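Participant: Below are the sequence and a predicted model; questions follow.
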Amino acid sequence: MAGLFINKISKTRQYLISMLAVGAVAAVCYFLTPLVGYKVVGFILLLTVSLIAVIFDILPVLFTALLTSLTWDFFFIPPHFTLRVSTADDGILLAMYFVIAMVNAVLTFKIRQVEKASRQKEEKANTIKLYNTLLNSLSHELRTPIATIVGAADNLQINSSKLTAQNRHDLVTEISKASFRLNQQVENLLNMSRLESGFIKPKNDWCDINEVVYKVIKAIEENKISQKITVNINPDIPLFSLDKGMLEQVIYNLLNNAVLYTPPDSKIDIMAMAYSNVLQIIIEDNGNGFPQGEVENVFDKFYRLKDARAGGTGLGLSIVKGFTEAMGGSVLLKNVLPTGARFTLNIPGETSYFKPQEK
Amino acid sequence: MNKAAILIIDDEAQIRKLLEITLQSNDYVVNKAATAKEGLIFAASHPPDMIILDLGLPDEDGHSVLKKLREWYTNPIMILSVQSSEEDIIRALDNGANDYLIKPFRTGELLARIRSALRTAATEDSPPVVTYNDLEIDLMARTVKKNHEPVKLTATEYTLLALFVKNEGMVLTHHYLLREVWGPGYINQSQYLRVFIAQLRKKIENDPNRPEYIVTESGVGYRFVNPG
C-alpha cells in the first residue's frame, strides 16, 4: 500500500524530499560529531539512503546516494569543507560508501519490482477467485428458478393427463414462486451494476418515513412470513429529503435478510428516529446473529456466510452498504444479547417539520 | 359482457400472446400490433376502447407514439414497460397515459387496472355520491362519512380527496396533484403533499399505515383505489 501511495508523489518532489532529508540528517550529524566520529556519520547517511530507497524511485535514490557521499566527504571527512580526503583509508571508505549506497539503491529497487509483480499476480488471482464465486453463485441462483419453471411447464404440457388438479395447482404455484425469485435476483444484479457503474446519484425528494417503512413491510408480508415485524417510529419524526427508491431498497434488503435467515416465529423490530438532521433506522432481530468472525465481511460483494443455506447471491447486504453510502450515510452491524443481530443505519438529510395551519 | 376492444402495441411476441390469452379469456376483444407504425394505423382505422402500449418499440420511441395518439385519441392508454425508471413513467403520465405497469406484472393487477381505466372512461361525470365499503363521499354537498359518521376534512384535504375520487384507479403524479390542489407555483413543494396525504389517511383509512384507499406509487405519485 505504501508503494501505491508514494507512486503519486511526482519525481520533482521525490528529489526535493530526498535533498531535504539528507540536509536534515546531515545537520543533526553535524552537531553530533563531537560525540561520534565521522565514520558513524557515514553509517547514518547510508541508513538514510536505505530508507529513501524503500519508498522512492530508482533515479531519486541514486541521486540521494551521490548526494550523501558528497555531503559526507565535504562536511565530515577531514579536512572539512573540501572534497579532498587526507588519508588512503578515508579514500577507500568513501569509494566503498559510494558503491554500497548505489548497490543498495539498485537492489532495493529490484526487490520492490519483484514484490509489485507478485502483488499484481495475487490481485489477479483474487479477482479470478471472486469472479468464479460470482459465476457459481449466480448460475446457481438463476438456474434453480429457471429449472423449476422449465420443469413445471413441461410437466403441465406433456404430463397433463396424469396430473391431479392438486398437482397442477402445485406446479403453477412453483412457477409463480420461481419467477418471483428470479425477478428478485435480476433486481439485485441491476442494482449492483448501477452501483458498480459509479454513476449512481441520489434523487432526493421529501420522504414520509412511516410511509416508506410500511410500504416495504407490505411487500415483505406478501410472502406469508412466520416472523413478527414490530414497527416503532417516533411520531414526531420530520420529513426527510432522501432518495426514496434507495431508502426503500435498503430497508427491503435488511428486512428480507432478517426474514430469510432467522428461525420461524422470530421477532424483527424496526425503529426509526431523527437526531437533528440524521435519520436513524434500526432493524433488530432475535435470531441467531452472525458468526463473530464474519461480522466484518457480510457487506462484501458476493460474501456469503460459511454455513449459509441455499439461496441468496451475497449481493443483498453489499447493495445496502452501497446505497447507504451513496446517500452519504453509514450502516453498522452488531450482534445483540442474548441472541440476534442489529443493523443501524445513519443517513443525513434535510428535514422538514412543515405543519399546515388550516382548520 | 365486457366486449371492450383493446389494442396491444408490443414488439415482444411472448407478451402479445400472454396478453391475448389473458384478455380474451376475460371477454375482451383483442387486436395486436408489433410495431409503432402498425399500431398507429390500426388505432386510426379501428379506434379501440383502450390501448396497451409498450414503451420500447423497434421503429419508434414509445413516448412519441403516445404523443401522436393523444393528438386525437381520448380513450385510456396504459403503458407497459420494462423500464422502471421513474422519469420515464412520469413523462408518459404527463404525456397523457392513464396508467402504467412494469414488466413483470401480475395478471390480477393488469385486469384490475384495465377494469378501472375503462370504468373511469365510461363515467365522464362522477355520480354525486360515491360509496366504497365504509366510506361515503358526497361530491355535491362536499361531505365525507366514514362508517356513517361525518368526517371533518379541511378544505385542502377535501379538494385532494375529491380529485382522487374523480380519478379512481388512476395514478396521479406528484406534480399533477400539487398543481391541481395548490397551484402551478407549488409543483416542487412535495412536503405539502406528504403531510396532507398523511392527514387524509388518518381520517379515512382504517389503518393509516396500511392504506387501502390512497395507495403510494413510489417516486411517481398516488392512486385512489376501491378496496371493494
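Facilitator: Thanks, I have it. Numbers count the residues shown, from 1 in each chain, chains lettered A, B, ... in the order given.

Participant: Can you report how many residues lie near B:Gly96?
Facilitator: Number of residues near B:Gly96 (other Cβ atoms under 10 Å in any protein chain shown) recorded here: 14. For the C-beta atoms, the positions are set from N, CA and C on the backbone; glycine is no exception.

Participant: got a list of what it touches?
Facilitator: By Cβ atoms under 8 Å, 6 or more residues apart in numbering or on different chains, B:Gly96 lies in contact with B:66-67, B:69-70, B:77.

Participant: Buried members of those residues into ChimeraX, please.
Facilitator: This is the ChimeraX syntax for the buried subset of these, where burial follows 16 or more other Cβ atoms under 10 Å in any protein chain shown:
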select /B:66,69,77
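
Participant: So which of the contacts of B:Gly96 sit within strands?
Facilitator: B:Ile77 (DSSP state E).

Participant: farthest-separated two in the contacts of B:Gly96?
Facilitator: Farthest pair in those (Cβ to Cβ) is B:Lys67 and B:Ile77. Separation: 10.8 Å.

Participant: With distance to chain A as added columns, please give the contacts of B:Gly96 in CSV.
Facilitator: Below are the contacts of B:Gly96 laid out as CSV (distance: Cβ to the nearest Cβ, whole Å):
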residue, distance to chain A
B:Leu66, 23
B:Lys67, 25
B:Leu69, 29
B:Arg70, 27
B:Ile77, 25
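
Participant: Just the pLDDT at residue 132, thanks.
Facilitator: If you meant another chain, say so; for now it's chain A. We have a pLDDT of 74 for A:Asn132.

Participant: think we crossed wires, I meant chain B
Facilitator: 90.

Participant: which phi and psi does the spatially closest residue to it that is not a sequence neighbour have?
Facilitator: Of all residues not flanking B:Tyr132 in the chain, B:Asn226 sits nearest, at 5.1 Å (Cβ to Cβ, 6 or more residues apart in numbering or on different chains). Dihedral angles of B:Asn226 (phi, psi; degrees, to the nearest 10) stand at phi -90, psi 110.

Participant: same deal with B:Val30?
Facilitator: Torsion angles, degrees, to the nearest 10, at B:Val30: phi -110, psi 130.

Participant: Skipping adjacent residues, who's closest to residue 57 in space?
Facilitator: Reading this off chain A. Once flanking residues are discounted, A:Asp57 sits nearest to A:Gln14: 6.2 Å by Cβ to Cβ, 6+ apart.

Participant: You answered for a different chain; I wanted chain B.
Facilitator: In space, B:Leu57 is closest to B:Ala36, 4.7 Å off (Cβ to Cβ, 6+ apart).

Participant: Tell me who's in contact with the one you found.
Facilitator: B:9, B:57, B:59-60, B:62, B:64-65.

Participant: what distance separates the helix or strand hosting the residue nearest to A:Asp57 from the middle of the whole chain?
Facilitator: If you go by DSSP states H and E, A:Gln14 is part of helix A:11-32. On the basis of Cα atoms, centre = their mean, to the nearest Å, helix A:11-32 sits 37 Å off its chain's mean C-alpha point.

Participant: Against which helices or strands is that helix packed?
Facilitator: Under the contact definition 3 or more Cβ pairs under 8 Å, 6 or more residues apart in numbering or on different chains; DSSP states H and E, helix A:11-32 sits against helix A:38-55, helix A:58-71.

Participant: now the angle between helix A:38-55 and it, please.
Facilitator: 160 degrees (axes from the mean of the first three to the mean of the last three Cα atoms, to 10 degrees).

Participant: Per-residue pLDDT of A:Arg304, please?
Facilitator: pLDDT, read off for A:Arg304, is 68.

Participant: pretty sure the residue nearest to A:Asp57 contacts A:Pro60?
Facilitator: Yes - counting by Cβ atoms under 8 Å, A:Gln14 touches A:Pro60, with 4.0 Å between them.

Participant: Counting neighbours, go ahead and name the busier of the two.
Facilitator: Neighbour comparison, A:Gln14 and A:Pro60: the larger count goes to A:Pro60, with 24 against 20 (by other Cβ under 10 Å).

Participant: Make sure that one is actually in contact with A:Ser10.
Facilitator: No - counting by Cβ under 8 Å, A:Ser10 is not a contact partner of A:Pro60; they are 10.4 Å apart.

Participant: Would you mind measuring from A:Leu332 to A:Ala326?
Facilitator: A:Leu332 sits at a distance of 17 Å from A:Ala326 (criterion: Cβ to Cβ, to the nearest Å).

Participant: These two: who's more crowded?
Facilitator: With neighbours defined as other Cβ under 10 Å, A:Leu332 and A:Ala326 compare such that A:Ala326 has more, 17 against 13.

Participant: From A:Ala95, how far out is the more buried one?
Facilitator: 61 Å.

Participant: same question, B:Ile21
Facilitator: 94 Å.

Participant: One more: A:Glu222?
Facilitator: For A:Glu222, the distance to A:Ala95 - Cβ to Cβ - is 84 Å.

Participant: which one of those two has more residues nearby?
Facilitator: Shown here are A:Glu222 and A:Ala95; by other Cβ under 10 Å, A:Ala95 has more neighbours (12 against 9).

Participant: does that one sit in a helix, a strand or a coil?
Facilitator: Look at A:Ala95: counting by DSSP: H, G, I helix; E, B strand; the rest coil, its state is helix.

Participant: Helices of the stretch 251-359 of chain A, residue ranges please.
Facilitator: Per DSSP state H, counting those that start in this stretch, the stretch 251-359 of chain A carries helices over the ranges A:316-326.

Participant: So B:Ile52 lies in a helix, does it not?
Facilitator: No - assessed with three-state DSSP, B:Ile52 is strand; it does not lie in a helix.

Participant: Would you confirm that it contacts B:Ser81?
Facilitator: No - using Cβ under 8 Å, B:Ile52 is not in contact with B:Ser81; the gap is 10.8 Å.

Participant: what about these two, which has more around it?
Facilitator: Taking neighbours as other Cβ under 10 Å, B:Ile52 and B:Ser81 compare with B:Ile52 leading, 27 against 21.

Participant: Identify the residues contacting the more buried one.
Facilitator: B:6-10, B:19, B:77-78, B:80.

Participant: try it again with 6 Å
Facilitator: Shown in contact with B:Ile52 (Cβ atoms under 6 Å, 6 or more residues apart in numbering or on different chains): B:8, B:78, B:80.

Participant: Per-residue confidence, it, what does it come out as?
Facilitator: 96.

Participant: Remind me what the helix or strand harbouring B:Arg223 packs against, helices and strands.
Facilitator: For B:Arg223, the element it lies in under DSSP H and E is strand B:221-224. Here strand B:221-224 touches strand B:171-173, strand B:214-217, going by 3 or more Cβ pairs under 6 Å, 6 or more residues apart in numbering or on different chains; DSSP states H and E.

Participant: Now render those as TSV, adding mean neighbour count and mean pLDDT.
Facilitator: Formatted as TSV, these follow (neighbours: other Cβ atoms under 10 Å in any protein chain shown; pLDDT from 0 to 100):
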stretch	mean neighbour count	mean pLDDT
strand B:171-173	20	92
strand B:214-217	18	92
